[in-house]
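Chemist: after the sequence you'll find the predicted model.
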Amino acid sequence: MSAGLSMESESTVRACPDVPGWTENLLFTPYDPVSDVGMWLHLGTVADMWEMWEDRVLIALPEDQGVLSMWAYHRTVPERQPAGANLEFRCEQPFRKWHIT
């Protein structure tokens, strides 16, 4: 599943690169066919404000009942990153398993 990439390639970038406007972004799109619920879960840094994380959540409800959404910006301490006010992502097994809170 790694396509030949190193294990470190699955890690998030911990310090802002010296590239103007560069951001770190993570996106997961789980779907449960039994409950017919889909999600779009995004965490990303804000360009030129590396300590600021934006989280966005979209939840598609079953049977075309609509979509729930929320977003927030949060100054997240380095030891908790990648995380925002409402989401936190942790890589448990590179290229295989992430924990989403």
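Modeler: The structure has been received and is ready for your questions. The structure presented is a predicted model; accordingly, all values stated were derived computationally and were not measured.
Chemist: list the buried ones in stretch 81-91?
Modeler: By neighbour count on 16 or more other C-beta atoms under 10 Å, the buried set for stretch 81-91 is 81-84, 87-89, 91. In short, each C-beta sits where N, CA and C put it, glycine included.
Chemist: out of those, who's nearest V57?
Modeler: L87 (6.8 Å; C-beta to C-beta).
Chemist: who does the residue lying closest to that closest one once chain neighbours are set aside bridge with?
Modeler: In space, and not counting its chain neighbours, L87 is closest to D55: 4.2 Å by C-beta to C-beta, 6 or more residues apart in numbering. Taking DSSP bridges, one obtains L43, A72 as the residues bridged to D55.
Chemist: so how far is P30 from D55?
Modeler: For D55, the distance to P30 (C-beta to C-beta, to the nearest Å) stands at 15 Å.
Chemist: now the strands for the chain?
Modeler: 25-28, 31-32, 37-46, 49-60, 67-75, 89-93, 97-100 (DSSP state E).
Chemist: which stretches of this structure have low pLDDT?
Modeler: Residues of the chain meeting the criterion pLDDT under 70: 1.
Chemist: still on that earlier bit, comparing D55 and P30, which residue is more hemmed in?
Modeler: D55 (23 against 10; other C-beta atoms under 10 Å).
Chemist: that one and A72 touch, don't they?
Modeler: Yes: counting by C-beta atoms under 8 Å, D55 touches A72, with 5.7 Å between them.
Chemist: which residues do those two both contact?
Modeler: Listed contacts common to D55 and A72 are 84-86; contacts here mean C-beta atoms under 8 Å, 6 or more residues apart in numbering.
Chemist: can you put those residues in a markdown table and add distance to M39?
Modeler: Formatted as a markdown table, the shared contacts of D55 and A72 follow (distance: C-beta to C-beta, whole Å):
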| residue | distance to M39 |
| --- | --- |
| G84 | 15 |
| A85 | 17 |
| N86 | 12 |
